[in-house]
Structures are given as structure tokens and as C-alpha cells.
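[1] What would the 3D arrangement of this be:
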Amino acid sequence: MGLSLITLEERVEYRLGHLGSVLAVGWHEAPSIRCLEVLEQHHVALAQRFGKVTLLSVIVTATQNPSPDVRAKIDQQASRLEAVRHGSVVVVLAKGLAAIFIRTYLAALSLVTKEPLRVVKTLADAATEIRKLPGQDEATRQTSDLEEHLRAFVALPAPGPGGSPTA
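    Below you'll find the predicted structure:
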């Protein structure tokens, strides 16, 4: 029996789930400090279970870069979580000028971050990069239908107001 993607929490801004040691976030709006705090809680819990975690961020419909205070929080979290993270993969599915700005921000971030950060164009590319990350666990490397799980996760309807935290 293979791995399956489990939804952990949904809010209007995001859907959070995991497939083994891959923590997947589908962003529908720009992240807030609260979103990042929830993300960190789940990251720590998965790291306790799997040792290290791969963070997959999929920019589904979000069209704004994070605010300066959120960017500062992202930097702080990256430092705290780097020991329990294989790396991060980001897919920008959003379209238009805003998506170009998001990709530009991520490209700049990838130059200054310590951990492996891959910015890719498709979920197929994300699945490939996730498997290639140094130290990636064998179960994730061997998940032949990883791309299909990611597609199904992203294809779910955007979460509504109030969401449904499951943790």
C-alpha cells in the first residue's frame, strides 16, 4: 500500500496536508503570521514522526507577495526548522503579472536561503524535485503516483471562510 495525501487543516488562505514526510500547502491567499504559526506546528509534528520534512508550497490563486512582517517570520522559521527540513519546493500555478512578481521574489529568496529551495513551474516538476532532495526518505522517493496525489490536492475547491482545522 502506498502513501496517500491527508488533509490536516483548511482555512480561507490555505489548505494544509501531508503525504508521508511531505508537508503540502496550497496557498489561496497571501500567508499571515497566524498561517505560518499553524504551518510550523504541523511541520514540527511531522518532523517528530519522520525525522525530516519536505515543504511543498503551491501558489494556487494567491496573487500577493507576503508582507514584510510575514517575510521576517518566514526567515525566522527557516532558521528554526532548517535542521528538520530536507528543503522546500514551490510551484506557482497562479497566473498574470502578480504571479511574475511572486516568482521574482522566490527567485531572489532562493539565492539567500541556506536550505535547498526549488521554484518550479508544474506539479510534475515538483514531484521530481521532491524525490531528488538530499536525504529524502525512501518511501517518498518510491511513491510512483506522487504527482497524481499533488494534482488531486490542488484540485480540491478553495476552502471557505472559517475553514475546518482537523488538528
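[2] what's the helix or strand encompassing Gly17 packed up against?
    Using DSSP states H and E, Gly17 sits in strand 14-19. Helices and strands touching strand 14-19, by 3 or more C-beta pairs under 8 Å, 6 or more residues apart in numbering; DSSP states H and E, are strand 6-11, strand 22-27, helix 33-50, helix 146-155. Any C-beta I mention is one placed from the backbone N, CA and C, and that applies to glycine too.
[3] between it and helix 146-155, what angle do the directions make?
    Calculated by axes from the mean of the first three to the mean of the last three C-alpha atoms, to 10 degrees, strand 14-19 forms an angle of 160 degrees with helix 146-155.
[4] Next, Ala107: secondary structure please.
    Using DSSP: H, G, I helix; E, B strand; the rest coil, the structure places Ala107 in helix.
[5] So, low pLDDT: which residues of this protein?
    Counting by pLDDT under 70, the chain has low-confidence residues at 1-3, 109-114, 162-167.
[6] just to revisit the earlier point, give the buried residues for the strand holding Gly17.
    14-19 (16 or more other C-beta atoms under 10 Å).
[7] could you dump these to TSV with distance to Val53?
    What follows is the buried residues of strand 14-19, written out as TSV (distance: C-beta to C-beta, whole Å):
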residue	distance to Val53
Tyr14	16
Arg15	17
Leu16	12
Gly17	13
His18	8
Leu19	11
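[8] Identify the residues contacting stretch 82-94?
    21, 43-44, 47, 51-63, 99, 102-103, 106, 114-123, 125-126, 129-130, 133-136, 154 (C-beta atoms under 8 Å, 6 or more residues apart in numbering).
[9] how far away is Ala83 from Gly135?
    Plainly put, Ala83 is 12 Å away from Gly135 if you go by C-beta to C-beta, to the nearest Å.
[10] in the sheet, who's paired with Glu9?
    Bridge pairing for Glu9 (DSSP bridges) gives the partners Leu16.
[11] tell me, how many neighbours does it end up with?
    Residues lying near Glu9 (other C-beta atoms under 10 Å) number 20.
[12] Let me know the distance separating it from Glu115.
    23 Å.
[13] rewinding a little: wait, which of the buried residues of strand 14-19 is closest to Asp69?
    Minimum distance to Asp69 across the buried residues of strand 14-19 is 17.4 Å, recorded for Tyr14 (C-beta to C-beta).
[14] just checking, that closest one touches Pro31?
    Yes. Tyr14 lies in contact with Pro31 (C-beta atoms under 8 Å); the separation is 7.1 Å.
[15] Sounds good, over and out.
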